[in-house]
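>>> Need a 3D model of the sequence below.
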Amino acid sequence: MSSVGAGRYFFAASMTGLALLAFLYDDFALVWQEVPAWVPLRGLLAYACGVVMLAGAAGLLIACTEALAARILFLYLLLWLLLLRVPALFLAPARVVSWSGCGETAVMLAGAWTLAALSGSPRGTFAFARGEAGVRVARALLGAALIPCGIAHFAYPRETAALVPAWLPAHLAWVYLTGAAFLAAGAAMLAGVRPRLAARLVTFMMGAFTLLVWVPGVAGAPRSRLQWTAFFISLAITAGAWVVVDAYERVPQLARSQAARARELTA
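As a prediction, the model looks like this:
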């Protein structure tokens, strides 16, 4: 997995940032981790989540622990999706934000799944989630996750336009253009039409959001918890997609090495 590109490092950086915010505020990531107030020991649980994210991020950077760290972050983000995002689909299925929230978390999960799949054996009970097969499932998850993100741009055009940098003209036009780009990239990945190019372009676009929207937001309000949280969430989403893009190079190498090992065993 060490041959996976820079996306892994940015993914670790985003998890580190979210962990530090959890330690600083003894709380979850604001609107991105909607843990009910009635949950007992809520602050302690947020702190524990910070420990998990920090340990996972550090583990990704060390060769002997990266496989375990990838699996930890995969399980953590899977629980985030299932426990915090999926229930909203049943409680408020008509709200587009319920679906786009799932989409954002699923993009991060796709990155963690890719890292975990590349670090595990393709054999065993959960073989479909590991090796080349696991990477392909993570790609499909990324493609599906992009669809509600694109729909949200059309459902909330004015709210999204407010985030467009002031120096850019025609804010609503940018909202609809980027929304269409999300939809096109998701459809291309699911249909297998130039999926690698689609993943690259949408990752570049999400990285541009981070640089043009959230970096200035942090610079303009360096003490704002919301701005820092939004920045690290945006970085995590970008990095999750980036990891999937990096794996397009890694999977052919993985398949060749597995074939070589199979030939050695049968020789």
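>>> How about A22, nearest residue that isn't a chain neighbour?
Closest residue to A22 apart from its sequence neighbours, by Cβ to Cβ, 6 or more residues apart in numbering: G50 at 3.1 Å. In short, each C-beta sits where N, CA and C put it, glycine included.
>>> isn't that neighbour right up against A19?
Yes: in terms of Cβ atoms under 8 Å, G50 counts as a neighbour of A19; the distance is 4.2 Å.
>>> Quick check: mean pLDDT of stretch 167-178?
The predicted model assigns stretch 167-178 a mean pLDDT of 96.
>>> can you map out the helices along the stretch 151-267 of the chain?
Along the stretch 151-267 of the chain, counting by DSSP state H, counting those that start in this stretch, helices occupy 157-161, 171-191, 195-209, 215-220, 225-266.
>>> Point out where this structure drops to low pLDDT.
Where the chain drops to pLDDT under 70, the residues are 1-4, 120-128, 250-267.
>>> most centrally placed residue in it?
M108 (1.5 Å; Cα atoms, centre = their mean).
>>> roughly how far apart are that one and A170?
M108 is 30 Å from A170, where distance means Cβ to Cβ, to the nearest Å.
>>> and what of A22?
With Cβ to Cβ as the criterion, A22 and A170 are 38 Å apart.
>>> Give the helix, strand or coil label for the residue lying closest to L190 once chain neighbours are set aside.
Counting by Cβ to Cβ, 6+ apart, G143 is the residue found nearest to L190 once chain neighbours are left out, at 4.2 Å. Look at G143: counting by DSSP: H, G, I helix; E, B strand; the rest coil, its state is helix.
>>> Could you count how many residues lie near G143?
With neighbours defined by other Cβ atoms under 10 Å, the count for G143 comes to 23.
>>> try A67
17.
>>> on that earlier part again, who touches the helix or strand in which the residue nearest to A22 is found?
G50 is part of helix 42-60, with elements assigned from DSSP states H and E. With Cβ atoms under 8 Å, 6 or more residues apart in numbering as the test, helix 42-60 has contacts from 8-9, 11-13, 15-16, 18-23, 25-28, 33, 35, 39, 65-66, 68-70, 72-73, 76, 115.
>>> quick one on the thing from earlier: surely the residue nearest to L190 and V193 touch.
No: in this structure G143 lies outside contact range of V193 using Cβ under 8 Å: 10.7 Å.
>>> Not counting residues beside it along the chain, what's closest to P165?
P165's closest residue in space is L212 (Cβ to Cβ, 6+ apart), at 5.3 Å.
>>> same check, this time on A162
A162's closest residue in space is H171 (Cβ to Cβ, 6+ apart), at 7.9 Å.
>>> if I look at that neighbour, how far off is S224?
Computed as Cβ to Cβ, the H171 to S224 distance reads 22 Å.
>>> Next: G150.
27 Å.
>>> Around the residue found closest to D26 once you drop the neighbours it is linked to in the chain, how many other residues sit close by?
Leaving aside its sequence neighbours, D26 sits nearest to G43 (Cβ to Cβ, 6+ apart; 4.0 Å). For G43, the number of neighbouring residues by other Cβ under 10 Å comes to 13.
>>> Tell me how far G43 lies from Y25.
For G43, the distance to Y25 - Cβ to Cβ - is 9 Å.
>>> same thing with F74?
From F74 over to Y25 (counting by Cβ to Cβ), the distance is 25 Å.
>>> more neighbours, those two?
F74 (24 against 17).
>>> element containing the more buried one, please.
F74 belongs to helix 66-79 when assigned by DSSP H and E.
>>> All set now, cheers.
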